[in-house]
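Peer 1: Quick one: sequence and predicted model below, then my questions.
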Amino acid sequence: MSRRDFFDQQAANWGRGRPSDLAERLARVVEITAVSSGQHVLDVGSGTGVLVPHLLQAVGPSGLIVAVDFAIKMLMESKAQDFGPRPHLVQASVAALPFSAGRYDVVTCNAAFPHFPDRRRALAEMARVLHPGGRLAISHPIGRAAVEAIHRATGGPVEHDALPDAETMRALLADAGLRVVTLIDEPEFFVVVADRS
């Protein structure tokens, strides 16, 4: 089974088993990322859109949210949540984002980075669409160990998907021209924020 087929198959049940305080954890991601009013934000690997309401609140009516995912059924679940006319939903791969260079103030990637087979390419693309000084946030609201355990138990195409350790993440980001400004690696929360110089 391909990764895309796997995520399309899982879309309808993707929200099951979430922590009861998930909303607070996602709000923390947005706060740490310093998303603010009027910004243009690209949410990569947006899935069913769990981060979208927090981003919409942060950017306000003058901001822009574009949610991208390669699995169409994930985007359909996001659309069903009725966020209104925003965000704009786009089906695309992180390996070839269909946006011009320097287009976004912020790129978020929540609960998706472990699933990218070519992490260097993914980071290069996310960095490319950031304007100079823009920020990239890679997060997982359940922490690295829990992500690995869930993926091992799930098996299939995600069995070996994991978040890199802090040292590896810093090196990957540096190779993409990004400088780490915040890295939090707690047992039940992970976020790294880097800026494009």
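Peer 2: Good, I have the coordinates.
Peer 1: Show me where the protein dips below the pLDDT cut-off.
Peer 2: For the chain, the stretches with pLDDT under 70 are 1, 3-19, 154-155, 158.
Peer 1: middle-most residue in it, spatially?
Peer 2: Central residue of the chain (C-alpha atoms, centre = their mean): Cys109, 1.5 Å from the mean position.
Peer 1: Pull the contacting residues for it.
Peer 2: Asp43, Val44, Gly45, Val94, Met126, Leu136, Ala137, Ile138, Ser139 (C-beta atoms under 8 Å, 6 or more residues apart in numbering). For the C-beta atoms, the positions are set from N, CA and C on the backbone; glycine is no exception.
Peer 1: Determine the number of other residues adjacent to the second one.
Peer 2: The one in question is Val44. 27 (other C-beta atoms under 10 Å).
Peer 1: Let the chain start at 15 from now.
Peer 2: New numbering, starting at 15: the last item is Val58.
Peer 1: can you give me phi and psi for it?
Peer 2: Recorded main-chain torsions at Val58 are phi -90, psi 130, according to degrees, to the nearest 10.
Peer 1: looking at it, it is touching Val120, isn't it?
Peer 2: No. Counting by C-beta atoms under 8 Å, Val120 is not a contact partner of Val58; they are 10.8 Å apart.
Peer 1: and the longest strand that the chain contains, which strands flank it?
Peer 2: Ranked by number of residues, the top strand in the chain under DSSP state E is strand 144-154. According to DSSP bridges, strand 144-154 has the following sheet partners: strand 118-124 (parallel), strand 203-210 (antiparallel).
Peer 1: Kindly export the first one (C-alpha atoms) in CSV.
Peer 2: So the one you mean is strand 118-124. Backbone C-alpha positions of strand 118-124 (Å, rounded to 0.1, in the frame of the first residue of the first chain) are rendered in CSV as follows:
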residue,chain,number,x,y,z
TYR,A,118,4.9,32.9,3.0
ASP,A,119,5.6,34.6,6.3
VAL,A,120,5.3,31.3,8.2
VAL,A,121,5.2,27.6,7.2
THR,A,122,3.8,25.1,9.7
CYS,A,123,4.2,21.3,9.6
ASN,A,124,2.3,19.7,12.4
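Peer 1: Can you list the helices and strands that the helix or strand just after that strand packs against?
Peer 2: Counting by DSSP states H and E, the next helix or strand C-terminal to strand 118-124 is helix 133-142. Applying 3 or more C-beta pairs under 8 Å, 6 or more residues apart in numbering; DSSP states H and E, we find helix 133-142 packed against strand 54-58, strand 144-154, helix 180-189.
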